[in-house]
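Colleague: Okay, here's the prediction I keep looking at, along with the sequence it came from:
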Amino acid sequence: MDVIKVQQISTRPIEKVIVHPLVLISIVDNYNRVAKDTRKRVVGVLLGSTFKGTVDVSNSYAVPFEEDENDPSIWFLDHNYHESMFSMFKRINAKEHVVGWYSTGPKLRENDLDIHGLFNDYVPNPVLVIIDVQPKELGIPTKAYCTVEEVKENATQKSQNVFVHVPSEIAAHEVEEIGVEHLLRDVKDTTISTLATEVTAKLTALKGLDARLREIRSYLDLVIDKKLPLNHEILYHLQDVFNLLPNLNVAELVKAFSVKTNDMMLVTYLSSVIRSVIALHNLINNKVRRYLEFLFCLFGVVQFTLLYQERIKDDICGCFI
């Protein structure tokens, strides 16, 4: 524990918690391996940094955890495993330290205050981030909490710590964001068709491009208004990007786009015509099949009636012989 206790951060009140996508992916992977299709939850340690009341959670690792469903006061968290894991993480990145812990909740539980108290030995003001690994609606799947001391009005009662909500958001560095986007492209939902998946990927990419362009425009507006200093390196990279844009006013390029568009529209039109013809053909075949079934049924009834009449006639003739 000595290795961890030397890591001290500011005791300034926490105003915001930023969670990186890598942390979410790691937690979901841990949940799927340990507690999927069960009522159990997984618990782990959050690593990162704190600056001016903002906690930046950039890494995490799981910790063995067990609890009694019938008695919340009975639980076990392997802090020895946590300390050895943190020592190894410290060798890789000395800038990351313990900032709190996570749980897959999906909501606060009775023993969370006790677990939170354990992490007070490793960080002065830890945060608890609850991750909803199975969200039922769109939105940020994280809820962050920290503890404050609640003083009772009655002096005979002891003060106690309570959880208070802290705003949280998802953010990533550019390199991390690109890696996550490439990773998500390989995640396929079997319930969605390939075409729908491709359209969704295109839409997501366009939304990302729109967000980048708006951010660039906002930055340039701030530079023009002299609210931000001029950065020649940023302008140099922007100029490189704009130089890579094709000139769409070239006559040959416009003609090529028109030909390509016409070819695609022709294929779409032919596909619609063929689909309509096939549907009409299937409808006619269905009508013909039902009509033939009706004729066969009618023919069978008539044939049975004739045979029955002949049989009665033979029986009557046999009676008179």
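Modeller: Structure received.

Colleague: what's the spatially closest residue to Pro64 that is not a sequence neighbour in contact with, if anything?
Modeller: Distance criterion C-beta to C-beta, 6 or more residues apart in numbering; nearest residue to Pro64, sequence neighbours excluded, is Asp78 at 4.2 Å. Using the backbone N, CA and C atoms, a C-beta is placed for each residue, glycine as well. Applying C-beta atoms under 8 Å, 6 or more residues apart in numbering to Asp78 gives the contacts 63-65.

Colleague: Please, a ChimeraX command that selects the buried ones among those?
Modeller: Remark: buried members of the contacts of Asp78, expressed as a ChimeraX selection using 16 or more other C-beta atoms under 10 Å:
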select :63,65
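
Colleague: so how far is Tyr122 from the residue nearest to Pro64?
Modeller: Distance, Asp78 to Tyr122, by C-beta to C-beta, to the nearest Å: 14 Å.

Colleague: Glu169 now?
Modeller: Per C-beta to C-beta, Glu169 is found 24 Å from Tyr122.

Colleague: higher neighbour count, those two?
Modeller: The neighbour comparison of Glu169 against Tyr122 (other C-beta atoms under 10 Å) goes to Tyr122, with 21 against 12.

Colleague: Would you confirm that the more buried one contacts Val98?
Modeller: Yes. If you go by C-beta atoms under 8 Å, Tyr122 and Val98 touch, sitting 4.7 Å apart.

Colleague: quick revisit: backbone dihedrals for the residue nearest to Pro64, please?
Modeller: The phi/psi pair for Asp78 (degrees, to the nearest 10) reads phi -80, psi 90.

Colleague: For the stretch 151-300 of the chain, give me the ranges with low pLDDT.
Modeller: Applying pLDDT under 70 to the stretch 151-300 of the chain flags the ranges 152-157, 184-193.

Colleague: the strands in this structure, which residues?
Modeller: Here the chain has its strands, by DSSP state E, at 16-19, 43-51, 54-63, 65-67, 75-77, 97-103, 127-131, 142-150, 160-166, 168-170.

Colleague: elements contacting the last one?
Modeller: If I follow you right, that is strand 168-170. Applying 3 or more C-beta pairs under 8 Å, 6 or more residues apart in numbering; DSSP states H and E, one finds that strand 168-170 contacts strand 16-19, strand 142-150.

Colleague: Can you tell me which of these is most buried?
Modeller: strand 16-19 (a mean of 22; mean count of other C-beta atoms under 10 Å).

Colleague: Output the longest helix belonging to this protein.
Modeller: helix 251-320 (DSSP state H).

Colleague: What helices and strands are in contact with that helix?
Modeller: Short answer (3+ C-beta pairs under 8 Å, 6+ apart): helix 251-320 packs on no helix or strand.

Colleague: Not counting sequence-adjacent ones, nearest residue to Tyr102?
Modeller: For Tyr102, ignoring the flanking residues on the chain, the nearest one in space by C-beta to C-beta, 6+ apart is Val129 at 4.7 Å.
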